[in-house]
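> return atomic coordinates for the entry below.
(chains A and B)
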Amino acid sequence: MKELLQTFLEETMLKAGYMVGKPEITYPKESGRGDYMSSTALSISKQYGKAPKVIAETIVAEMQKALPPYISSVDVAGPGFINFHLSRDYYTSILEFILRDGEHFGKSDIFDNKKVIVEYTQPNPFKPFHIGHLMSNAIGESIARLVEFHGGQVTRANYQGDIGLHVAIAIYGIVKKGGQILGNSVSEKANFIGECYSYGNSIYEKDEVAKAEIDVLNKKLYEKTSDYTALYDEGRKVTLEAFEALYAILGTKFDKYYFESEMATRGAELVREYKDKGVFEDSEGAIIFHAEKHNLKLHTRVFLTSNGLPLYDAKELALTVTKFTELEPDLSIVTTAVEQKDYMDVVTEAIRQMFPSENYAERMEHITHGMMRFATGKMSSRLGNVVTGESLIRDAKEAIMTITKDREFTHDEREVVAEAVGVAAVKYSILRSNIGMDIIYDFDKSISFDGDSGPYLQYATTRARAICRKSEEASIKTHLHNPTDVTLPIERILERFPFASLRAVEERQPHHIATYLMELAGAFNFFYATETIIDAEDPTSSYKIAVSGAVATVLTKGLHLLGLKVPAKM
RNA sequence: GCACCCAUAGUGAAGUGGAUAUCACUACAGUCUUCGGAACUGUCAUCGGGGGUUCGAAUCCCUCUGGGUGCACCA
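Alright, predicted model coming up:
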């Protein structure tokens, strides 16, 4: 629509004697001032030495000669804004499209079958799945879905740290606690390993002897010569299984898993190879990269330690090379917390220096997210210690179980609903704001059925769906023959979904979808409360039902893009 | 010390250089009683301070203040 108007405006302006290229067309901030607006007259007034209002009036007069059918009227307002009012038929045609082809409404082909890797979550076996991983998962999954929706071929990748100092610390902790991984279920065992990690970490920090032992163990684990290979294999398996269970609940299915243990040798080789080619240098026994030589904003980093072990940086090099040679992506997106930004920039610079002709660096994109903090200090999991990703999801689910306990569900239904709604509560809290910002997580608000929450959106969706179901029972046919203006505010919002969806994917900002859905759900709920929709006596009832159906479709689609499910009823 | 990021109602957020800064929660005042568990209306912000660019700035530039993060062998 925007393009249509833009072309129309440009052509008219040419006829009126103004040559400015593509004029600006935007949505007005507030409704009631036209459906689209252009401020082009204001921006070109200086160039032509005429008052903006005069220019705008000339353009509008030229337009009036031949208005296209989708425009009902054009006028000049304020200091020279041109406001376009779209025709009733145009909005009805949008509804028609949604009802016929809802799956495709809001799509674009900006990714045009491009291969895109989205790497996210990246938890570390032997350590708990913490809240940061939950954030990365929610954001990465949503971006993957957005890119897919806009035509990309997405590979979901997860890079898990199954080697490194944290593993040595966890194993050391397990050994000190008896050398057995205790627990009856995968989840209990994973929690036990997490506790051993914390325990090991506290020793590592204060006990010099233990620190030395752990460092030796770390080296042996890298070389696969430790005495604890069986323990390592079991611990790795258990934590990975626990992660997998969580991915299933969160609604993520990875196509590709990479492990740090696979990247260690290759990373070290790459660094040595490119040291000979002059990219890396020796320093105090370690091998380092002077990134600031190429870009003053960057800093020097160690890639290989003085005892020959590859650091995260070196492993990241191997991972990048592996991803590019294996999958040949047009774009490789990695999401991590902001803390990783500076060093990822260094790694990217190293890649640029190593492969100047392959364009790897140009195809890499690093998306960072903020931290999650809790609204009040009262937030703690049932276990009484740190809030892990798993405990947060579980607590949300239980809270929803309590809220819905008086509703008519079988126990199994309630489980399914509570899981979908609990996950939505947590994920929505993450995705509702700009991903670069820290988020303040308010547990009570996140699970609330009204307000800016996932459950609210799910609830509005099930309401809209219920309308369609009820109308079938009342045998009222859905058709678009008798439009009514009471649904116009909703239709205007529906019309903007493609815009929100495009903006979200272009900026890699799922919150544009979230904000949009809130607006749509709000307008629908208002309509729902003030109008009787299903009414055999009302000739416009069919139209209202059709609008409800379109709202249900778009809400469902939008929630899907955020990675949220809509339960059949709630 | 250097680098990067952030600052918008009581709270949490949105905002593409454009007209009267939007949404949600809370609070207070009023209206109303549902197709699915309430909804609706009103009140509450000189967009951290100061300069600048522009016809026009929450948005761009500079500066100050206040927060966050990162800077050599963790990831």
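> need the strands for chain A, in chain order.
For chain A, the strands defined by DSSP state E occupy A:36-38, A:71-77, A:81-86, A:115-119, A:153-160, A:256-259, A:281-283, A:286-290, A:300-304, A:331-337, A:364-369, A:372-374, A:439-441.
> pretty sure residue A:34 sits against residue A:78.
No: using CB atoms under 8 Å, residue A:34 is not in contact with residue A:78; the gap is 11.2 Å. C-beta coordinates here come from the backbone N, C-alpha and C atoms, glycine included.
> who does the lowest-mean-pLDDT helix or strand in chain A touch, helix- and strand-wise?
Using mean pLDDT, DSSP states H and E, the weakest-scoring helix or strand in chain A turns out to be strand A:372-374, at a mean of 87. Judged by 3 or more CB pairs under 8 Å, 6 or more residues apart in numbering; DSSP states H and E, strand A:372-374 is in contact with helix A:131-149, strand A:439-441.
> could you list the low-confidence segments of chain A?
Within chain A, the stretches with pLDDT under 70 are A:30-32, A:376-386.
> ok, residue A:271 - how many residues close by?
24 (other CB atoms under 10 Å).
> quick check: the spatially closest residue to residue A:484 that is not a sequence neighbour vs RNA strand B, distance?
Spatially, and ignoring its direct neighbours in sequence, residue A:484 is nearest to residue A:540 (3.9 Å; CB to CB, 6 or more residues apart in numbering). Distance of residue A:540 to RNA strand B, given as CB to the nearest atom of the strand, to the nearest Å: 13 Å.
> wait, residue A:540 touches residue A:481, no?
No: counting by CB under 8 Å, residue A:540 stays clear of residue A:481, with 9.5 Å between them.
> those two: which has the busier surroundings?
residue A:540 (18 against 11).
> which phi and psi values does that one adopt?
When quoted as degrees, to the nearest 10, the phi and psi of residue A:540 stand at phi -90, psi 0.
> list the contacts for it?
Residues counted as contacts of residue A:540 (CB atoms under 8 Å, 6 or more residues apart in numbering) are A:482, A:483, A:484, A:486.
> ok, now residue A:393?
Contacts for residue A:393 (CB under 8 Å, 6+ apart) come out as A:134, A:246, A:249, A:250, A:422, A:423, A:426.
> rerun at 7 Å
When contacts are counted by CB atoms under 7 Å, 6 or more residues apart in numbering, residue A:393 touches A:249, A:422, A:423, A:426.
> got it, and residue A:222?
Going by CB under 7 Å, 6+ apart, residue A:222 touches A:163, A:264, A:309.
> and the stretch 51-200 of chain A, which of its residues are near RNA strand B?
The stretch 51-200 of chain A comes close to RNA strand B at residues A:52, A:77, A:78, A:79, A:81, A:83, A:124, A:161, A:164, A:165, A:166, as judged by CB under 7 Å from any atom of the strand.
> buried members of the residues you listed into ChimeraX, please.
Restricted to buried positions by 16 or more other CB atoms under 10 Å, the ChimeraX selection for those reads:
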select /A:52,81,83,124,161,164,165,166
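> from the residues of the stretch 51-200 of chain A next to RNA strand B, which land in helices?
A:52, A:165, A:166 (DSSP state H).
> for the residues you listed, which one is nearest residue A:112?
Nearest to residue A:112 among those is residue A:52, at 38.6 Å by CB to CB.
> surely the closest one meets residue A:82?
No: between residue A:52 and residue A:82 there is no contact under CB atoms under 7 Å: 10.0 Å.
> please name the nearest non-neighbouring residue to residue A:137.
residue A:121 is the one closest to residue A:137 (CB to CB, 6+ apart), at 4.4 Å.
> that neighbour: what's it in contact with?
So residue A:121 contacts A:133, A:136, A:137, A:140, A:158 (CB under 7 Å, 6+ apart).
> next: residue A:347.
Applying CB under 7 Å, 6+ apart to residue A:347 gives the contacts A:313, A:316, A:317.
> could you tell me which residues touch both of residue A:52 and residue A:82?
residue A:41.
> just give the number of residues close to residue A:15.
Close neighbours of residue A:15, defined as other CB under 10 Å, add up to 13.
> one more: residue A:41?
Residue A:41 has 27 neighbouring residues, counting by other CB under 10 Å.
> distance of it relative to RNA strand B?
On the measure of CB to the nearest atom of the strand, residue A:41 and RNA strand B end up 8 Å apart.
> filter the contacts of residue A:222 down to the buried ones.
Buried among these (16+ other CB under 10 Å): A:163, A:264, A:309.
> surely the second one and residue A:163 touch.
Yes: taking contact to mean CB under 7 Å, the distance of 5.8 Å between residue A:264 and residue A:163 places them in contact.
> and the helices in the stretch 151-300 of chain A?
For the stretch 151-300 of chain A, applying DSSP state H, counting those that start in this stretch gives helices covering A:165-176, A:186-206, A:208-223, A:229-250, A:260-276.
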